[in-house]
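> The following block contains a protein sequence and its predicted model.
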Amino acid sequence: MNFSELFLLSVSSFWMVGVCLSVDLPKSKEIKCAVCQSLVAEVHREISEVDPRKKIEVGSYRIESNGDQRITSRTYAGSEAHMTDLLETVCGSFKDYAQAKHKETGRVDVIPIVGKDGKMNPHFGEYEMIPDPDLNKSLEFHCQSIVEDFEDEIVQHFGGQPQQDYDVAKSQNSFCWRQSKICSGVREEL
């Protein structure tokens, strides 16, 4: 093989790799957006399951010159300590999620296969499953990358609102589109 043939082969290989990658990127971006929305819903669900009477002491344990400490009691649900604990484990739940496309809207989504009650997801019939050669391990990976990249923003996002004010759809829109911009460039009907 001479130099011109080798050069042509390498250029065509790079072109083919570029075409393949450009085809996969929108799907990956759609899946990451769907994972973001499911992550927000999962965090909301986990926060709502915490007993609202559970409190945690926060503040400075430093004793001031007059002998006082600045310690206050706060609801544990959504606190920084709760969010730190939650963010360490929440992505593990994505092992029980699957990539799917809504039969009527065509919207790519990430849905739980089984509910927390152990029963099959009642909305499962509304979706067409998208086969994943990685057995949906990419969902957990996307979740972990979102948590790593936006941990402080997630803690701030969920810690700043009272438990009774949670609106999952507004929170998904606020975090996934406006704050993190994970869903920017993805069709708005997602």
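Received, thanks.

> So what's the gap between stretch 128-145 and the chain middle?
Stretch 128-145 has its C-alpha centroid displaced from the chain centroid by 12 Å (CA atoms, centre = their mean, to the nearest Å).

> Not counting it itself, show me its contacts.
Contacts to stretch 128-145, defined as CB atoms under 8 Å, 6 or more residues apart in numbering, come from residues 31-32, 35-36, 39, 90-92, 94-95, 97-103, 108, 110. Where C-beta positions appear, they are placed from N, C-alpha and C, glycine not excepted.

> do stretch 46-58 as well
Outside stretch 46-58, the residues that touch it by CB under 8 Å, 6+ apart are 71-82, 86, 90, 158, 163, 166.

> Narrow these to just the buried residues.
For the contacts of stretch 46-58, a neighbour count by 16 or more other CB atoms under 10 Å gives the buried set as 74-79, 82, 86, 90, 158, 166.

> Now, those residues that are in helices?
Among the buried ones among the contacts of stretch 46-58, DSSP state H puts 82, 86, 158 in helices.

> Next one: the closest residue to the second one other than its chain neighbours, what pLDDT does it get?
So that's Leu86. In space, and not counting its chain neighbours, Leu86 is closest to Glu46: 5.5 Å by CB to CB, 6 or more residues apart in numbering. Glu46 is assigned a predicted lDDT (pLDDT) of 90.

> what's the distance between Glu46 and Thr105?
Using CB to CB, to the nearest Å, we find Glu46 at a distance of 27 Å from Thr105.

> Then Asp117?
26 Å.

> Which of Glu46 and Thr105 has more residues huddled nearby?
Set Glu46 next to Thr105 and count neighbours by other CB atoms under 10 Å: Glu46 wins out with 21 against 11.

> mind checking which helix or strand the more buried one is in?
Taking DSSP states H and E as the definition, Glu46 sits inside helix 3-48.

> Show me where the protein dips below the pLDDT cut-off.
1-26, 160-165, 187-190 (pLDDT under 70).
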